[in-house]
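**Student:** Give me the fold of what follows.
(one chain, ligands or ions: 2)
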Amino acid sequence: MKLWRGGRLATLAGERGWGLIDDGALLVDDSGHFAWVGPSADAPRVDDVAELHGALVTPGLVDCHTHLVYGGNRANEFEQRLHGVSYADIARAGGGIKSTVAATRAASESELLAAAQRRARALIGEGVTTVEIKSGYGLDAASEARMLRVARRLADLGLDVRTTYLAAHALPPEFRDADAYIDAVCAWLPELQAGGLVDAVDAFCEHIAFSPAQVARVFEAALQHGLPVKLHAEQLSDQGGAQLAARHRALSADHLEYLSPAGVQAMAEAGTVAVLLPGAFYALRETRLPPVAALREAGVPIALATDHNPGSSPTLSPLLMLNMGCVLFGLTPEESLRGLTVNGARALGLHDRGQLVAGQRADFCIWQAGHPRELAASFGHNPLIERVCQARQGEP
Ligand code: DI6
Ligand code: FE
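**Tutor:** Ligands and ions are numbered 1, 2, ... in the order given. Now for the predicted structure:
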């Protein structure tokens, strides 16, 4: 047992509020869970004690939507977009996701791993303790498996990694018929799952990607294999993706700038988490805002994530997402922090982390800050002092 004492704890206990304990202590048991959380004055006596010297403590950050493993970069498309070419135009001309697929297939497994490790270290440096990583730049059975293996190996850095199968991301060049490709996507799943490489299944439902009917087939395959689903929904247009996701009891629907009132209602009824991705909104200079007030009113849990990818969201800063969640989307600093902790965990189906509460996994961050709102108020600044993560380095 180890006691951390004398910190300002933002426990995020319960469904709202910071759950502040001004002079608080955390007792961590030998299984890596909080055995006790409360005022330092009431803390149980143990031999192993660390002083927090008034520093702020929050739950470890959960980045619940990333595409961290890929080859190449797309700064050329950044320049094109600055000249007025849209993300959808670039995709239709064979750039976008397809250009990253070519670069990912061309890279060796060790090159992919080295690049992904550099990116994961950046997330870790800002306090991420759990990360979700999607496939979707391989688009054939072997290349998707390679991406998922590389993602899993990032656990060696001392990070809890969840992997999501996103083969329904774009149509690869060797297929002309999207329906035939969807057949293949469904056929590859059982072997990847048997290899222990898949925690959830995602798809891109959009006019430049796959139709709701095609996504439904992928979802049915996932559910048949006992895997939960998630969806890139309503990013560029309203496809009714949120309703489709809700019908399949999706863990989350992500992006959601074009989400309709009916979509909000369906998500609320299904308990599907809304994952908002301000990095992609910002980088694509989107002007349509996700319906935050309607989500709030309907009681849909809101998560925030980096959506790190080489095209629409090349950021590695979860702290910047806290700020953008407030400035761009109108979240409160508390909603932003819940979005990158407890609600991020829920978007992955994880209920054992994201709050400083007895019984939860003892993943937490110690910050040079007096109040948790400071984490969202500043940007381009990293106040992390120390990150404590139970996924220990070198232990996959
Ligand atoms: N939407 C996104 O934001 C990522 N995937 C998706 O469907 C971006 C993928 C990319 O542009 O490489
Ligand atoms: Fe994404």
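
**Student:** So which bits of the stretch 151-300 of the chain are right by ligand 1?
**Tutor:** Residues of the stretch 151-300 of the chain that fall close to ligand 1, judged by C-beta under 6 Å from any ligand atom: His169, Phe204, His232, Gln235, Ala280. C-beta: built from backbone N, CA, C; applies to glycine.

**Student:** May I ask which of the residues you listed has the most neighbours?
**Tutor:** Among these, His232 has the most neighbours (other C-beta atoms under 10 Å), with 30 neighbours.

**Student:** what about Gly84, neighbour count?
**Tutor:** 7.

**Student:** ah, wrong one, I meant Ala180
**Tutor:** 10.

**Student:** How far off centre is stretch 51-65?
**Tutor:** Offset of stretch 51-65 from its chain centre (C-alpha atoms, centre = their mean, to the nearest Å): 17 Å.

**Student:** Please see if the helix or strand bottoming out on mean pLDDT in the chain touches ligand 1.
**Tutor:** Lowest mean confidence among the helices and strands of the chain (mean pLDDT, DSSP states H and E): helix 87-92, at a mean of 93. No: counting by C-beta under 6 Å from any ligand atom, ligand 1 has no neighbours in helix 87-92; the shortest distance is 7.2 Å.

**Student:** for the residue in the stretch 251-396 of the chain that ligand 1 sits nearest to, what are its contacts?
**Tutor:** Nearest residue of the stretch 251-396 of the chain to ligand 1: Gly311, at 2.6 Å (C-beta to the nearest ligand atom). Contacts for Gly311 (C-beta atoms under 8 Å, 6 or more residues apart in numbering) come out as Arg74, Glu77, Tyr87, Gly96, Ile97, Thr100.

**Student:** now do 7 Å
**Tutor:** Arg74, Glu77, Gly96, Ile97, Thr100 (C-beta atoms under 7 Å, 6 or more residues apart in numbering).

**Student:** ok but the last one is inside a helix, no?
**Tutor:** Yes: Thr100: assigned to a helix according to DSSP: H, G, I helix; E, B strand; the rest coil.

**Student:** number of nearby residues for it?
**Tutor:** The burial count for Thr100: 24, using other C-beta under 10 Å.

**Student:** Low-confidence ranges, the stretch 201-350 of the chain, go.
**Tutor:** Residue ranges of the stretch 201-350 of the chain with pLDDT under 70: none are present.

**Student:** related to what we said a few turns ago, return the member of the residues of the stretch 151-300 of the chain next to ligand 1 nearest to Val388.
**Tutor:** Ala280 (30.1 Å; C-beta to C-beta).

**Student:** Name the helix or strand for the closest residue to Thr315 other than its chain neighbours, please.
**Tutor:** Nearest residue to Thr315, sequence neighbours excluded (C-beta to C-beta, 6 or more residues apart in numbering): Gly279, at 4.4 Å. Using DSSP states H and E, Gly279 sits in helix 278-283.

**Student:** Need the CA coordinates for that helix. PDB is fine.
**Tutor:** What follows is helix 278-283, C-alpha atoms only, in PDB (Å, rounded to 0.1, in the frame of the first residue of the first chain):
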ATOM      1  CA  PRO A 278     -12.400  19.600 -31.700                       C
ATOM      2  CA  GLY A 279      -9.000  18.900 -33.400                       C
ATOM      3  CA  ALA A 280     -10.700  17.800 -36.600                       C
ATOM      4  CA  PHE A 281     -13.300  20.600 -36.400                       C
ATOM      5  CA  TYR A 282     -10.400  23.100 -36.100                       C
ATOM      6  CA  ALA A 283      -8.100  21.600 -38.700                       C
END
